[in-house]
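A.B. asks: Give me a model of this one.
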Amino acid sequence: MVETSQSTADIFNLIESKFISFLSNYKSANYRECVSSLFYVAESLARYVLAQHGYFPISHEGIQVLLAQHFIKPGTLKKNVYNYLTNLYMRRKDADYKGFVDFDKDDITTYWQWVGEIVDNVSKFLEENHRKRIFALIEECNKLIIQ
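C.D. replies: Predicted coordinates for the structure are as follows:
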């Protein structure tokens, strides 16, 4: 069965889960899995914004196309949101499929900054309770990453 729509609450559950996964993997210095978690945080944030506007893509590429078409091109979101999402997608593919590609703490710090910028840009679309929880998770992550 193909899911054609998902509520923002459902998508938020995924965002929260991936933040928690990121925290756990970062504490364990499992940086490869951190890359995947950060990508899925970013992508789920994009899906959240799209769902709020009635768009329910079913592929990574669909998310990128709809985000560019309806939010980047009109200037509602900064182009960096698209660029970072695309770069995180490529890094996630490397992390998941290329064992010879290494990731270190510096890589994760960079990717974390990208996710932070994405959150800053999309936060105006988040429901208040979701925004508060995401910012709490970011604060928790920042305590580990930015020392």
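A.B. asks: now the helix or strand residue 142 falls within: how far from the chain's centre is it?
C.D. replies: If you go by DSSP states H and E, residue 142 is part of helix 128-145. Taking the mean C-alpha point of helix 128-145 and that of its whole chain, the gap between them comes to 13 Å (C-alpha atoms, centre = their mean, to the nearest Å).
A.B. asks: how far away is the residue nearest in space to the middle of the chain from residue 100?
C.D. replies: Centre of the chain computed as the mean C-alpha position; nearest residue by C-alpha atoms, centre = their mean is residue 42, 1.1 Å away. For residue 42, the distance to residue 100 under the criterion C-beta to C-beta, to the nearest Å works out to 24 Å. Backbone N, C-alpha and C define where each C-beta goes, glycine included.
A.B. asks: got it, and residue 66?
C.D. replies: Taken as C-beta to C-beta, the span from residue 66 to residue 100 is 33 Å.
A.B. asks: Pick out whichever of the two has more residues nearby.
C.D. replies: When neighbours are counted by other C-beta atoms under 10 Å, residue 66 and residue 100 differ, and residue 66 comes out ahead with 19 against 5.
A.B. asks: Identify the residues contacting the more buried one.
C.D. replies: The contact partners of residue 66, by C-beta atoms under 8 Å, 6 or more residues apart in numbering, come to 50, 55, 57.
A.B. asks: Equivalent analysis for residue 112, please.
C.D. replies: Contacts for residue 112 (C-beta under 8 Å, 6+ apart) come out as 38, 141, 145.
A.B. asks: Does the first one touch residue 113 like I think?
C.D. replies: Right, the one you point to is residue 38. No - Residue 38 sits out of contact with residue 113 when judged by C-beta atoms under 8 Å, with a separation of 10.3 Å.
A.B. asks: the more surrounded of these two?
C.D. replies: Regarding residue 38 and residue 113, a neighbour count based on other C-beta under 10 Å identifies residue 38 as having more, with 28 against 13.
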